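Asker: Let me see the structure of the following:
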Amino acid sequence: MTTDTAGYLHKNKTLKALSIAGVALSLGIAGCSNNEQADTTANAEGAVATTEGQDIELLNVSYDVARDFYKDYNPLFVEHYKSAHPNSKILINQSHGGSSKQALSVANGLQADVATMNQGSDIELLEAKGLVESDWESKFPDNAVPFTSTIVFLVRKDNPKGINDWEDLTKAGVEIVMANPKVTGNGRYAFLGAYGYGLHAFNDDEANAKNYVKELLKNVKVYENGGRAATTTFVQRGIGDVLVTFENEANLAATDFGAGQVDIVYPSYSIKSESPVAVVKTVTDKKGTTEAAKAYLDYLWSEPAQQLAADLYLRPSVKTVLDKNGDKLPPIETFRPNDAFGTWDEIMSTYFSDGGIFDQLAVNAPQ
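Answerer: You can find the predicted model right below:
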């Protein structure tokens, strides 16, 4: 049993007895023994219920660095439904870890009502298992992607190693910290961002792009098992000169637990990461929570939820909200991984399968 699953079962048992409106619990980064924690619970009068007066429990299984967004989103969602369903209750449990590990946990039986991942292949895995409907992308706006992010660099205060763009990551003496591309979406986007930059810089010359990425990977000091674990290693343990991670995670570190210790560097060209969501229909149909689960995901496109995303440095899919937040989310030229590398099935097979391009290029590639 994973730490996430155990944490969820423990919280579920403990919190069933609670009926206090608006309870929200969160375990902060300092209290996490690793990146896999069930760390957000919202419980309040005003649930979304299939039948008025029914008590509903939802489990959102999500990727690692989304914990901060959903910690705040869950009470926001509950409050939204409070007046509409005054006689009902909802309990929202939250499970976080490496995106692909989380998807595998759901595929292997973890009873998620919704999956909120950071790459399409994780939802596609659940679709292939028959847990998610085949037309899941059409169930919500923007191909079921409520917000996006991109890969940036977090460096030590005043950028002592002079890291300004991707090519600087190949400098001698630069130590890189990143999430493990074999098991996390964060790490995959970082790797594909580097590879895409290589293709861009060398006019689509595959050989030169591969040589560039190989040189970059020689400088990786630590591959962590999740995005938040990589942040902890870089910020709190003080390892490495640069953390390659999502924009929202870098900003959280720069403005919160790493304030005054780190700076953010935006590369000239980077990858667009998409965070798709889906109802795990086989679970919700069995539990009678399909209506509640869909409502939970629908509300991600509301203006309050989109603004919350922007406040946490996620890029809203609703353009009017994105435009209002240009000061904190500066324009950056990005590319979609599917446009550059094919479908997620092709990406996973070509780049991240055992013996794939990542394994071929990485020194001491993690397994």
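Asker: Helix, strand, or coil at the closest residue to residue 342 other than its chain neighbours?
Answerer: Closest residue to residue 342 apart from its sequence neighbours, by C-beta to C-beta, 6 or more residues apart in numbering: residue 350 at 7.5 Å. Bear in mind the C-beta positions are built from the backbone N, C-alpha and C, glycine included. Following DSSP: H, G, I helix; E, B strand; the rest coil, we place residue 350 in the helix state.
Asker: So residue 332 sits against residue 270, correct?
Answerer: Yes. Contact criterion C-beta atoms under 8 Å: residue 332 and residue 270 qualify, at 6.0 Å.
Asker: hey, what's in contact with both of the two?
Answerer: residue 150 (C-beta atoms under 8 Å, 6 or more residues apart in numbering).
Asker: So for these two, which residue has more residues nearby?
Answerer: The neighbour comparison of residue 332 against residue 270 (other C-beta atoms under 10 Å) goes to residue 270, with 26 against 16.
Asker: For that one, list the residues it contacts.
Answerer: Taking C-beta under 8 Å, 6+ apart, one finds 150-152, 193, 196-197, 332-335 in contact with residue 270.
Asker: Wasn't residue 132 part of a strand?
Answerer: No. The assignment for residue 132 by three-state DSSP gives coil, which leaves it out of any strand.
Asker: Contacts for stretch 137-144, please.
Answerer: Contacts of stretch 137-144 (C-beta under 8 Å, 6+ apart): 123, 133, 136, 146, 274, 276-279, 294, 297-298, 300-301, 317.
Asker: Those residues in strands, which ones?
Answerer: Counting by DSSP state E, the contacts of stretch 137-144 place 274, 277-279 in strands.
Asker: Out of those residues, which comes closest to residue 165?
Answerer: Nearest to residue 165, judged by C-beta to C-beta, of the ones in strands among the contacts of stretch 137-144 is residue 274 at 23.2 Å.
Asker: you'd agree the closest one is up against residue 148?
Answerer: Yes. Between residue 274 and residue 148 there is a contact under C-beta under 8 Å: 5.3 Å.
Asker: lowest-confidence helix or strand of the protein?
Answerer: strand 23-26 (a mean of 31; mean pLDDT, DSSP states H and E).
Asker: Now residue 104: closest residue in space that isn't a chain neighbour?
Answerer: According to C-beta to C-beta, 6+ apart, the nearest residue to residue 104 is residue 125 (7.4 Å).
Asker: Does the one you found touch residue 103 like I think?
Answerer: Yes. Residue 125 lies in contact with residue 103 (C-beta under 8 Å); the separation is 5.0 Å.
Asker: Between these two, which is the more surrounded one?
Answerer: Ranked by neighbour count (other C-beta under 10 Å), residue 125 and residue 103 place residue 103 first, with 27 against 21.
Asker: What's the separation between that one and residue 216?
Answerer: Going from residue 103 to residue 216 by C-beta to C-beta, to the nearest Å gives 27 Å.
Asker: could I have stretch 345-361 exported to CSV, CA atoms only?
Answerer: Output of stretch 345-361 as CSV, limited to C-alpha atoms (Å, rounded to 0.1, in the frame of the first residue of the first chain):
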residue,chain,number,x,y,z
ASP,A,345,1.6,6.8,-26.2
GLU,A,346,4.4,7.5,-28.7
ILE,A,347,6.2,9.8,-26.2
MET,A,348,6.1,7.3,-23.4
SER,A,349,7.3,4.4,-25.7
THR,A,350,10.0,6.4,-27.5
TYR,A,351,11.4,8.5,-24.6
PHE,A,352,10.5,6.9,-21.3
SER,A,353,10.2,3.1,-21.7
ASP,A,354,13.1,0.9,-20.5
GLY,A,355,15.9,1.4,-22.9
GLY,A,356,14.2,4.5,-24.5
ILE,A,357,15.9,7.8,-25.4
PHE,A,358,16.0,9.1,-21.8
ASP,A,359,17.8,5.9,-20.6
GLN,A,360,20.2,6.2,-23.6
LEU,A,361,21.1,9.8,-22.8
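Asker: Tell me which residues touch residue 287, please.
Answerer: Going by C-beta under 8 Å, 6+ apart, residue 287 touches 57, 111, 113.
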